[in-house]
Structures are given as structure tokens and as C-alpha cells.
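> here's a sequence, model it:
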Amino acid sequence: MIDIVPGKPSRPGASRQGERRAQTPRPATIPSPIPVRPGASRPPPGRSATDPGPPPGRAGEAATRSDEPAAEGRRRSPSPAAAPAGDSHPPRAPAPSDLPIDERRLGVLRQVARDGGTLEPRWAPLLATGYSYFDIAEPGAVAALFDDLAYLADRDYLRREHFDRLVQCGRCASHHINVREVCGVCRSSNIEGSALLHHFRCGYVGAVERFETTQGGRVCPKCDGRLQFLGTDHEVVGETFECRTCGASFDEPDVEGVCLSCGQKAPGDSLSFTPVHSFSITSLGRSALRSGRLFDLENEQLTEGALPLYRRSVFLGMARDELRKQQRYGIAFSLLVLSLTPSDPDTAVREEHQFVALVRDTLRLVDQLGRYDERTVLVSLPATDAAGAQIVLDRLLALRPPGSGLTVDGTVVATAAPDQVEQAVMTALAQRGRQ
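Below is the predicted model:
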């Protein structure tokens with residue numbers, strides 16, 4: 001079967017001519033030295049990028065003839081990378097690694113936004129890392145992607161969250177680890193567990209195999225008494241293990257990991273665990289996408305774009321410092337949480353900017369505003385106790401941009417230890433949500 005150019009009648013013997021052309025070996029083509037930018041159309045095989053191609057009148061026929069062997073090959077050998085049936089939106093990889101680094105990182109943000117704003121790892125046993133993102137499998141591209149995700153998360157364009165833990169070999173970093181129970185004496189894995197029985201009459205305790213089984217029940221090896229009713233004349237008090245290699249008995253076996261790549265053995269309590277993270281895009285990441293660039297200039301690395309909001313990591317660090325001052329010198333400090341709910345998603349950004357500007361004008365110069373997540377703003381109030389913080393909160397909740405339907409809710413965060421600021425904010429938001 002060959003492609004027929006629309007508008008031209010098929011000629012007898014055309015399919016045989018197409019087969020003869022497909023079987024005729026073609027001369028090797030020289031790749032064009034002109035680079036092709038990602039997303040741009042590439043010239044057909046055998047034609048340079050500067051070749052104008054066939055005359056307009058025969059373009060359709062030339063395209064049909066040159067594409068026949070490739071089309072026939074595609075029909076005979078489907079590509080294994082083809083999207084599965086029913087999946088109209090297969091995962092797409094971010095920008096190629098040969099792009100400028102800022103453009104590549106913007107491509108990562110753009111892809112996360114397209115996929116619903118979240119990015120979860122996908123297990124890849126054949127990769128050295130054991131997992132990847134966006135179905136990327138080339139080692140160099142995986143390493144570049146991991147670096148980009150770490151960079152974007154460290155600068156608050158993405159939020160890093162715990163997903164899982166991966167066991168890795170301490171010698172070769174392989175994730176192919178066999179975790180098993182072994183004998184604590186000879187380190188053999190040839191062990192067997194059995195129930196431990198306690199005979200009430202004589203007080204004997206032993207493995208269930210030591211009690212002979214008869215038609216009338218089990219027989220105690222110490223007093224020859226019969227064990228017939230569980231809970232009445234005997235009980236199960238636990239489990240015991242026996243090594244079939246050295247004969248040792250023990251209550252708990254040791255846990256050991258064996259690397260299937262290099263053979264390294266390690267006790268269970270010394271296995272190396274690597275955290276695996278998922279990522280979600282932040283408001284700063286969305287602002288970068290709207291602006292078409294990352295905010296990495298020297299005067300942009302503390303705040304969120306044009307807003308008078310400190311970045312999440314920067315603000316939480318400042319809050320920890322204030323709490324340390326409170327503990328050391330007794331200086332009062334309060335923290336507010338403001339939750340913003342826009343009336344219309346299309347006007348959410350504008351309403352948020354207007355409200356933040358009003359809050360900034362209402363607060364003192366020593367008070368600071370910071371980002372927590374896409375719809376949550378934090379306010380630090382140095383030298384302010386809980387009663388004063390509640391007064392400030394009531395004032396801020398009464399603010400509304402003119403003509404805005406923005407809904408604002410908030411609470412005062414209970415005083416926390418410096419290393420538990422984030423947990424205290426999460427607790428305050430959860431309690432507020434239940435009210």
C-alpha cells in the first residue's frame with residue numbers, strides 16, 4: 001500500500017513501481033551542517049537545509065515518492081516508543097539539555113505547569129538513579145534534569161516534597177539491594193520461624209515443633225500433658241527462629257542488605273537511604289513563566305518578582321532568627337497567616353497584587369511579608385505579643401481592594417521553636433480549615 005496524492009488518479013502498476021523504488025538502495029546522505037532549532041521542521045533526508053526543493057507544481061509527487069519507503073517501514077515496524085492506545089496526552093520531556101541553561105530550566109517549569117502543577121518521580125530500574133522524571137532515560141539528560149530541579153526548588157520556583165526513600169549500596173550506589181533476614185551467629189539466610197507455646201500446667205515454653213501432635217491435641221515434651229484448648233491450657237507467647245545452617249536459636253533475626261551489583265553486604269541499621277522527592281510549582285514559578293525568565297538578578301533573589309513578598313525559604317529563615325531572639329532575649333514576636341481566595345481565577349493575580357500592596361501600606365516598616373504557598377501569605381511582627389498580633393490581624397482582614405471579591409482569612413500562629421516554624425504554620429492552617 002502506498003500513499004496516493006489527492007487529486008491525481010492512481011496508475012496501474014504504481015504499487016509495483018513503489019516497491020521497486022523501496023528496494024533500490026539509496027546513496028548515503030550527508031547531514032546538513034546547519035543546526036536546526038528545537039521545534040523547527042527539519043529538511044527531508046537527502047536534501048540540505050538550503051535546498052529550495054522541487055518546483056511547486058511537482059512538490060506533492062516528490063513528497064509522495066520520497067516518503068514511500070519510510071511510510072512502508074513505519075507500517076511494518078511500529079515504533080516501540082509510540083504512545084499507548086487511549087493515551088491522547090503522553091508525557092513530554094522538557095526542553096533539550098543543549099539549550100541555554102535558563103531556557104532549559106524555564107522549559108522544566110513549563111512542563112510541570114502543563115502536567116497540572118505537580119511532578120512525581122517514575123521508577124526506572126535500569127537507570128543508575130533508580131527513578132527519573134518525564135520518562136527521560138538518557139544518563140546525561142537525567143543528571144541535568146536533577147540539577148535543574150534542585151536549582152528551581154532551592155530558589156522557590158518549585159516546592160520539594162517527600163515522595164519515598166530508596167535504598168542504595170554504600171559502595172557502588174546501586175539501588176538493586178536484596179534486604180533479607182539472617183542468622184545473628186553465622187549470617188546465613190537459611191532460617192525458619194515458628195510459634196512459641198507456653199504450657200500452663202508445667203510452665204514449659206518451647207517452639208511448636210517440640211510439641212508432638214496426636215489425635216487428642218499436642219503433647220508437652222516436659223510433663224506429657226495434653227494441650228487441647230488455646231487460652232485454657234496453653235498460649236502463644238511469641239515467635240522463635242532457628243538457623244538450619246548452624247542450629248542457633250534466637251528471638252529476632254538480623255536484617256541485612258546485599259547489593260546485587262557489587263556483592264557488598266551491610267547490616268540493616270547501616271543501609272544507605274536516599275530521599276526521593278516530588279515537586280509542585282509555586283507562585284514564583286508561575287510568575288517566572290508569565291515573565292518568560294527566572295528572577296535571578298542580584299536584586300531579585302530575595303523577593304518574589306515585583307511583589308514586596310520575601311521568597312518562602314528567605315522568609316522562613318528570617319522567622320527562625322526572630323524566634324531565636326525571642327528565646328535568647330525575651331523579645332516578643334508574632335507570626336500571622338493570611339489565606340487568599342480569589343473570586344475569579346482570571347483575576348487572581350491582580351487581586352493578590354492589590355491586596356499585598358494594601359497590607360504593605362498598613363504594616364510598619366519593621367514588619368515583613370513572605371510567601372508560604374500559592375494562596376497563603378505570612379506576616380512577621382517583631383516586638384509584638386499575641387494580643388497585639390490579633391489587633392493587627394483584624395485590621396488586615398478588613399482590607400479589600402476596590403471592586404474586588406477576594407476572600408481573606410487568617411490566624412495567629414502559636415509560638416514555635418525555631419526549627420518548627422513550618423510545622424506550626426501547617427498546624428495553624430489545618431486548625432483554621434476545621435473551623
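
> make it CA atoms for all contacts and neighbour counts henceforth
Will do.

> centroid residue for the chain?
The centroid of the chain falls nearest to S278 when counting by Cα atoms, centre = their mean (1.7 Å).

> and the residue nearest to that residue when sequence neighbours are not counted, how many residues sit next to it?
In space, S278 comes closest to E120 once its chain neighbours are excluded; the distance is 4.6 Å by Cα to Cα, 6 or more residues apart in numbering. Burial of E120, expressed as a neighbour count using other Cα atoms under 10 Å, amounts to 16.

> got it, and Q420?
Look at Q420: counted by other Cα under 10 Å, it has 11 neighbours.

> so which bits of the host helix or strand of the residue nearest to the centre of the chain are buried?
S278 belongs to strand 272-281 when assigned by DSSP states H and E. Going by neighbour count (16 or more other Cα atoms under 10 Å), the buried part of strand 272-281 is S272, V276, H277, S278, F279, S280, I281.

> that strand pairs with which strands, and in what direction?
Strand pairing for strand 272-281, using DSSP bridges, gives strand 118-119 (antiparallel), strand 158-168 (antiparallel).

> what's the following helix or strand after that strand?
Moving toward the C-terminus from strand 272-281, the next helix or strand (DSSP H and E) is helix 283-291.

> picking that back up, with pLDDT and distance to G317 as added columns, please give the buried residues of strand 272-281 in a markdown table.
Conversion of these to a markdown table gives the following (pLDDT from 0 to 100; distance: Cα to Cα, whole Å):
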| residue | pLDDT | distance to G317 |
| --- | --- | --- |
| S272 | 87 | 29 |
| V276 | 96 | 24 |
| H277 | 97 | 22 |
| S278 | 97 | 22 |
| F279 | 97 | 21 |
| S280 | 96 | 21 |
| I281 | 95 | 21 |
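
> ok, so of those residues, who is nearest E212?
S272 (45.0 Å; Cα to Cα).

> you'd agree that closest one is up against C172?
No. S272 lies out of contact with C172 (Cα atoms under 8 Å); the separation is 11.2 Å.

> for stretch 159-173, give the mean pLDDT please.
The average pLDDT within stretch 159-173 is 92.

> which parts of that stretch are buried?
R159, R160, V167, Q168, C169, G170, A173.

> for stretch 366-384, same thing?
368-373, 375-384.

> and these, which two are the farthest apart?
Farthest-apart pair in the buried residues of stretch 366-384 is R375 and A383; separation 26.5 Å (Cα to Cα).

> just put the strands paired with strand 272-281 in JSON lines and tack on distance to P221.
Formatted as JSON lines, the strands paired with strand 272-281 follow (distance: least, Cα to Cα, whole Å):
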{"stretch": "strand 118-119", "distance to P221": "61"}
{"stretch": "strand 158-168", "distance to P221": "45"}
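
> which SSE is immediately downstream of the helix or strand harbouring M318?
Taking DSSP H and E as the definition, M318 sits inside helix 312-329. With elements assigned by DSSP H and E, the helix or strand that comes after helix 312-329 is strand 333-341.

> can you pull the contacts of E181?
Taking Cα atoms under 8 Å, 6 or more residues apart in numbering, we find E181 in contact with S189, P253, D254, V255, E256.

> hang on, the earlier thing: packing partners of the helix holding M318?
Judged by 3 or more Cα pairs under 8 Å, 6 or more residues apart in numbering; DSSP states H and E, helix 312-329 is in contact with strand 333-341, strand 368-373, helix 421-434.

> what packs against the first helix or strand past the second one going along the chain?
Right, the one you point to is strand 368-373. Next along the chain after strand 368-373, taking DSSP H and E as the criterion, comes strand 376-382. The contact analysis (3+ Cα pairs under 8 Å, 6+ apart) places strand 376-382 against strand 333-341, strand 368-373.

> if we use 10 Å, what do you get?
helix 312-329, strand 333-341, helix 348-362, strand 368-373, helix 386-397, strand 407-413 (3 or more Cα pairs under 10 Å, 6 or more residues apart in numbering; DSSP states H and E).

> so where's this structure uncertain?
1-98, 433-435 (pLDDT under 70).

> now the helices for the stretch 51-200 of the chain?
Using DSSP state H, counting those that start in this stretch, the helices of the stretch 51-200 of the chain run over residues 59-76, 101-114, 139-154.

> what residues of the last one count as buried?
The one in question is helix 139-154. Those would be V142, A144, L145, D148, L149, A150, L152, A153, for helix 139-154 by 16+ other Cα under 10 Å.

> can you check the shortest one too?
The neighbour-count check on helix 101-114 (16+ other Cα under 10 Å) flags E103, R104, R105, L106, G107, V108, L109, R110, Q111, V112, A113 as buried.

> who are the neighbours in contact with the nearest residue to the last one once chain neighbours are set aside?
By the measure of Cα to Cα, 6+ apart, the closest residue to A113 outside its immediate chain neighbours is I281, 6.8 Å from it. With contacts defined as Cα atoms under 10 Å, 6 or more residues apart in numbering, I281 is in contact with 109-110, 112-113, 116-119, 152-153, 156-160, 373-374.

> same check, this time on C259
Going by Cα under 10 Å, 6+ apart, C259 touches 167-179, 265-266.

> could you redo the last one with a cut-off of 7 Å?
Neighbouring residues of C259 by Cα atoms under 7 Å, 6 or more residues apart in numbering: C169, H176, I177, N178, K265.

> these, buried ones only, as a PyMOL selection?
PyMOL command restricting the contacts of C259 to the buried ones, with burial defined by 16+ other Cα under 10 Å:
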select buried, resi 169+176+177+265
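
> can I get the contacts of C259 in CSV with distance to E300?
CSV is the format used below for the contacts of C259 (distance: Cα to Cα, whole Å):
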residue, distance to E300
C169, 41
H176, 43
I177, 44
N178, 48
K265, 49
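
> biggest separation within the contacts of C259, which pair?
Greatest spacing in those, by Cα to Cα: H176 and K265 (12.1 Å).

> in the stretch 101-250 of the chain, which spans are strands?
For the stretch 101-250 of the chain, strands defined by DSSP state E, counting those that start in this stretch occupy the ranges 118-119, 122-123, 131-132, 158-168, 177-182, 191-199, 205-207, 212-214, 217-219, 226-227, 234-243, 249-250.

> packing partners of the last one?
Applying 3 or more Cα pairs under 7 Å, 6 or more residues apart in numbering; DSSP states H and E, one finds that strand 249-250 makes contact with strand 234-243.

> if we use 10 Å, what do you get?
If contacts are counted by 3+ Cα pairs under 10 Å, 6+ apart, strand 249-250 sits against strand 191-199, strand 234-243.
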